[in-house]
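>>> What follows is a predicted structure for the sequence shown.
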Amino acid sequence: MDALNMILGRRSIRKFTGQPVSEQHIEIILKAAMAAPSAGNQQSWRFVVVTDRERIAAVQATTEYGKMLDDAALALVVCGDTRSLKHPSMWEQDCSAAVQNALLAAHALGLGACWLGFWPKKERTEPLKEALRLPEGVEPLATLAIGQPADEKPPSERYDPAFVHRNRW
């Protein structure tokens, strides 16, 4: 799949078959995530791969929007390690770029994925930190539900020239 078709064809998938994702595919997704750009190359991202059903349920319980984790093979929690950053205000951008790369890698592998936002909502991040026993200074930005898609979502055209301004607003 060429890069543009992959980008334009990616969709948020919320229904999964429950089939496992191979360790090889998980590693490819993590490699893609860590290939993302980061401010000053600080690579503030950290990842928690959750495959245990009980632990996935604990992650799901931290957000009312996590229904798709019911049948996902894994939850990939993308965190920022804020303890020793060269550019402290940039970890969210670093981790967001890693999230996007992970979503694209999952799609390229024929998997489905959906981004669940956590940061900066303390009512979500604090229970998630507790559920995963994250150390102080490690902040969860997002959780990705990943698995074999149970249905196919056709690409939709989102391009809107009304959102584009040239040279000035």
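Cool, the structure landed. Residues are numbered from 1 along each chain as shown.

>>> what about the strands in this protein?
45-50, 74-81, 112-117, 138-147 (DSSP state E).

>>> Okay, angle between the longest one and strand 45-50 too, please.
Translated: strand 138-147. 50 degrees (axes from the mean of the first three to the mean of the last three CA atoms, to 10 degrees).

>>> How far off centre is strand 138-147?
5 Å (CA atoms, centre = their mean, to the nearest Å).

>>> Pairing partners for it, with directions?
Partners of strand 138-147 in the sheet, by DSSP bridges, are strand 74-81 (antiparallel), strand 112-117 (antiparallel).

>>> ranking those strands by burial, who's on top?
Among the strands paired with strand 138-147, strand 74-81 has the highest mean neighbour count (mean count of other CB atoms under 10 Å), at a mean of 24. Where you see a C-beta, it was placed from the backbone N, CA and C, and this is true even at glycine.

>>> Distance from that one to the middle of the chain?
7 Å.

>>> Give me the mean pLDDT for it.
If you average the pLDDT over strand 74-81, you get 98.

>>> same check, this time on stretch 115-125
pLDDT averaged over stretch 115-125 gives 94.

>>> Just the CA trace of that stretch, in PDB.
C-alpha atoms of stretch 115-125 as PDB (Å, rounded to 0.1, in the frame of the first residue of the first chain):
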ATOM      1  CA  TRP A 115      -7.400   6.700  19.300                       C
ATOM      2  CA  LEU A 116      -8.900   7.300  22.800                       C
ATOM      3  CA  GLY A 117      -7.800  10.700  24.100                       C
ATOM      4  CA  PHE A 118      -6.800  11.000  27.800                       C
ATOM      5  CA  TRP A 119      -4.500  13.900  28.300                       C
ATOM      6  CA  PRO A 120      -5.200  16.500  29.700                       C
ATOM      7  CA  LYS A 121      -8.400  15.300  31.300                       C
ATOM      8  CA  LYS A 122      -7.400  14.500  34.900                       C
ATOM      9  CA  GLU A 123     -10.600  12.500  35.400                       C
ATOM     10  CA  ARG A 124      -9.300  10.000  32.800                       C
ATOM     11  CA  THR A 125      -5.500  10.300  33.300                       C
END
